[in-house]
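**Student:** pasting the structure only:
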């Protein structure tokens, strides 16, 4: 697509999004750019829109449009949206304008003391500046481990060819760098297969990696490598946790926490590191490999060994003589190059899961191909909303199980087909795993966890997934899915209210989480009823009386959260804040909530019926699956019985007995069919059928 055409359609899309959400144009633009960069791992953390500008001493000015914090790498991202161009001709971003914007965003950090001292105390940005300024006074401060600030300039203008990279600065022992994101960058990301452009690492700028090709299959090939410790540390310092596979990032400690055993080995016995350390398991899209040397890697992801990598980088930065010691370190690395991009979303998480099977990452399987996520994806594709008045069909809430899935659906689609897809799957009805985690914690009435955002909220969510799936996967059914979507609708409607209301001066994310959680809690604890999510699903909207209730109490929530001294955002992450909100909020007037409440018995009965229906369907499918194998191969179960007899230690007697019944042409009950499927799965893992 031509840049001019893309710019025009992009601005139009942002304007439509703004109207749908009730946002300002700046906020909608900010969120769109930030989403692309988060998807591409250029921003690691949860972006928060926060328009702030303030005149400073000596005729200077501080201005930001939002921020995010990457705890893993100690990087604070400050983002500023340029003035938008609404004319048909797109001017380029000039050097003078780029430097002016950079200085205004940088000043938010460098003048944080002045902002904290003279800014309006109730403003979230002023509170943020105060936390930055006081970061070294308390190791509980979220910015205590801050090592660098990265300024992002979001502009709808293309960058001029003469615009060179703005030089890095060092302020208060913190590195300040910048990244200019022009419209051509967004075009590039939008046209990539999954909304993501892979890292291209030229090892000639670091150090070449010796390697042996160890295995080759149709879908991938594997290399055994010996990467120098100094090279690995430099790579991590350059690219940060972008190198770490996203499902594993959740379990990394912050960069400031170094593994003591790794540190001692590097400092005392660097030459033995290869012998002592398990090394790395990595994946990549492609490599340049010649004469047993790797000189370039595209799409490198570390799926096991992230803590080792971060610890090496810590030694390089913080230990005297660390660089020299790391030059003596050799790190074993297994590199799997994925040749078939079609199975990438399945293969990479599987490699990650098995590579981490001996450590704590396996405790919560975050891979996007977990059965829970696949089930929600399946439900989102087959359950349409009730048709709105005047329409013959409903639409779908699209669950993006794997990063870039929604963009991939329309990738290179003809215009007519693409428009048809977007009508059925509107972009404002697409939700991602990270969004799901936030919404779910609110549904569970844990706004403190939802306020933690990102990785922390997702870990709790994933823990629940494992627990509920192991207990009874039939609980994840059509009724559950409709409740989850209805909860999202509630959140989005509340967000429209607080944008220009209680959250207009900041802390909107926290206010939203606490307000909606309080509504659910109030109905259960004060009214002894349950929230009727089915009403929200049927109407795909929220009744005005409910919106009024949420709007009013959102101000009270704001007052409770902002009454504390210190960082409001950090306070909102604590269970104490939730206890305070529940005890301090007073409902002084009567609200008509009758339209969205129902009895606890009704909800319990509805859930029971939904669970039984799901079980019946799954049992039927399971039984059908057992007998389908006989149709495909009449000798399947006699061969399986022989295999089991040859591997008796691996199978339970009841598993052998059920397979023997099938060999004897006996009909199985649903319970026996489940045992048969367990035996089949176990046998295939042991090599049956290969």
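**Tutor:** Received it, and whenever you're ready, just let me know what you need. Quick caveat: nothing in here was measured; it's all calculated off a predicted structure.

**Student:** use CA for all of it now, contacts and neighbours both
**Tutor:** Will do.

**Student:** Distance from stretch 185-198 to the middle of the chain?
**Tutor:** From the chain centre to the centre of stretch 185-198 is a distance of 18 Å (CA atoms, centre = their mean, to the nearest Å).

**Student:** just stretch 154-166 next, same as before
**Tutor:** Going by CA atoms, centre = their mean, where stretch 154-166 is centred and where its chain is centred differ by 29 Å.

**Student:** Which phi and psi values does the closest residue in space to residue 433 that isn't next to it in sequence adopt?
**Tutor:** In space, and not counting its chain neighbours, residue 433 is closest to residue 401: 6.4 Å by CA to CA, 6 or more residues apart in numbering. Backbone torsions for residue 401, taken as degrees, to the nearest 10, come to phi -70, psi -40.

**Student:** The chain - how does it break down into domains?
**Tutor:** 3-191, 200-363, 375-598, 602-685 (automatic domain parsing).

**Student:** thinking again about what came up before, which pLDDT value belongs to the residue nearest to residue 433?
**Tutor:** Confidence at residue 401, expressed as pLDDT, is 83.

**Student:** Can you list the buried residues in stretch 427-444?
**Tutor:** By neighbour count on 16 or more other CA atoms under 10 Å, the buried set for stretch 427-444 is 431-443.

**Student:** from what I can see residue 40 touches residue 197, true?
**Tutor:** Yes - with contacts defined as CA atoms under 8 Å, residue 40 counts as touching residue 197 at a distance of 6.4 Å.

**Student:** Surely residue 220 and residue 338 touch.
**Tutor:** Yes - between residue 220 and residue 338 there is a contact at 4.5 Å, judged by CA under 8 Å.

**Student:** Of the two, give the one with the bigger neighbour count.
**Tutor:** Between residue 220 and residue 338, counted using other CA atoms under 10 Å, residue 338 has the larger neighbour count: 22 against 19.

**Student:** Could you list the low-pLDDT ranges of the stretch 51-200 of the chain?
**Tutor:** 164, 193-196 (pLDDT under 70).

**Student:** can we see that at 90?
**Tutor:** 70-74, 84-91, 94, 121-123, 136-142, 144-145, 160-166, 172-173, 187-199 (pLDDT under 90).

**Student:** if we can go back for a sec, what separation do you get for the residue nearest to residue 433 and residue 678?
**Tutor:** Relative to residue 678, residue 401 is positioned 26 Å away (CA to CA, to the nearest Å).

**Student:** can you check residue 650 too?
**Tutor:** On the measure of CA to CA, residue 650 and residue 678 end up 12 Å apart.

**Student:** Tell me how many other residues surround residue 590.
**Tutor:** Around residue 590 there are 7 residues (other CA under 10 Å).

**Student:** How about residue 415?
**Tutor:** Residues lying near residue 415 (other CA under 10 Å) number 10.

**Student:** follow-up on the earlier one: which one of the domains of the chain has the lowest average pLDDT?
**Tutor:** For these, mean pLDDT drops lowest on domain 200-363, to a mean of 83.

**Student:** check contacts around the most centrally placed residue in the chain.
**Tutor:** Nearest to the geometric centre of the chain sits residue 434, at 4.0 Å (CA atoms, centre = their mean). Residues in contact with residue 434 (CA atoms under 8 Å, 6 or more residues apart in numbering) are 454, 458.
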